[in-house]
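Trainee: Kindly generate the corresponding structure for this input.
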Amino acid sequence: TYTFNTNKAQHLFCRQCGVQSFYSPRSNPDCYGVMPHCIDSPTIKSIEYVDFDGENWEKSMNKCIERGDENPFDIK
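Mentor: Modelled structure (predicted):
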């Protein structure tokens, strides 16, 4: 597990190959995100693409909250 800065986000890596497979975001630390390259193709039925400015993460996250997006990275 890798963490930095506020230590809220946790990035988990595969012990065999080293790829990041899961993470727990600091914006929603009770949830986990799954990296799409770790999912078998028929598992995902649809994905909604949301443009997000990762360079200005805090500002972008605040915009999502203002819009009412509780979890802008929710994959269904």
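Trainee: and the residue positioned nearest the centre of the chain, what are its phi and psi?
Mentor: Centroid check for the chain by Cα atoms, centre = their mean gives Gly33 as the closest residue, at 4.5 Å. Torsion angles at Gly33 (phi, psi; degrees, to the nearest 10) stand at phi -100, psi 140.
Trainee: Identify the bridge partners of the residue nearest to it when sequence neighbours are not counted.
Mentor: Leaving out its chain neighbours, the residue that sits closest to Gly33 by Cβ to Cβ, 6 or more residues apart in numbering is Tyr23, at 4.9 Å. For every residue, glycine as well, the C-beta is placed using N, CA and C. Tyr23 forms beta bridges with His11, Gly33, as assigned by DSSP bridges.
Trainee: Can you give me the distance of Tyr23 to Asp51?
Mentor: Using Cβ to Cβ, to the nearest Å, Tyr23 is found at 20 Å from Asp51.
Trainee: And for Thr1?
Mentor: 29 Å.
Trainee: the more surrounded of the two?
Mentor: Thr1 (9 against 5; other Cβ atoms under 10 Å).
Trainee: ok, the more buried one to His11 distance?
Mentor: 7 Å.
Trainee: between those two, what contacts are shared?
Mentor: With Cβ atoms under 8 Å, 6 or more residues apart in numbering applied, the contact sets of Thr1 and His11 do not overlap.
Trainee: just to revisit the earlier point, what sits against the residue nearest to the centre of the chain?
Mentor: Contacts of Gly33 (Cβ under 8 Å, 6+ apart): Phe22, Tyr23, Ser24, Pro25, Phe73.
Trainee: isn't the fourth one right next to His11, touching?
Mentor: This points to Pro25. No. Using Cβ atoms under 8 Å as the test, Pro25 is too far from His11 to be in contact (9.6 Å).
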